[in-house]
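Chemist: Here is my input; please provide its structure:
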Amino acid sequence: MSAHSFSQERLMKVLIAPQISEKATYVADKYEQVVFKVSTDATKPEIKAAVEFMFKVVVDSVQVANVKGKEKRSGRFVGRRNNWKKAYVCLASGQEINFAVSEQG
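Modeler: Next up, the predicted model:
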């Protein structure tokens, strides 16, 4: 695993959240990829190492996309949301990440 070349604190900060959307669900089903929101300065090797470290899976490849923040208005004031980075993580065949939250009852 390549997780040893990065510090654990850094790997914990790379992944921000899984991206849950119609497109992300479609991509997950069709291409066996998982979509994550990642820190803007994260590199592909860091993202790969972070996913392998946190979810104990084998990552095949990583594609990244920079997402521009939308312009939003509040009355006459125009503001922008922050730009962010999205990572498409392709898992090796047979690997799976399960985000299901266990029911407490």
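
Chemist: pLDDT wise, what is Q95 at?
Modeler: pLDDT for Q95: 78.

Chemist: Residue numbering should commence at 35 henceforth.
Modeler: Right, with 35 as the first residue, what we last looked at is Q129.

Chemist: And for it, the neighbour number?
Modeler: Neighbourhood size, Q129 [other Cβ atoms under 10 Å]: 16. All C-beta spots, glycine's among them, are computed from the backbone N, C-alpha and C.

Chemist: Just the helices from the chain, written as ranges.
Modeler: Ranges of helices within the chain are 42-48, 56-65, 78-89, based on DSSP state H.

Chemist: and S95, what are its bridge partners?
Modeler: Here S95 sits in beta bridges with C124, going by DSSP bridges.

Chemist: my guess is it meets C124, correct?
Modeler: Yes - using Cβ atoms under 8 Å, S95 is in contact with C124, at 4.5 Å.

Chemist: Just want to know which of the two has more residues nearby.
Modeler: When S95 and C124 are compared for neighbours, C124 comes out ahead with 17 against 12, by other Cβ under 10 Å.

Chemist: so who does that one touch?
Modeler: 65-67, 93-97 (Cβ atoms under 8 Å, 6 or more residues apart in numbering).

Chemist: show me the contacts for G113.
Modeler: Here G113 is in contact with 105-107 (Cβ under 8 Å, 6+ apart).
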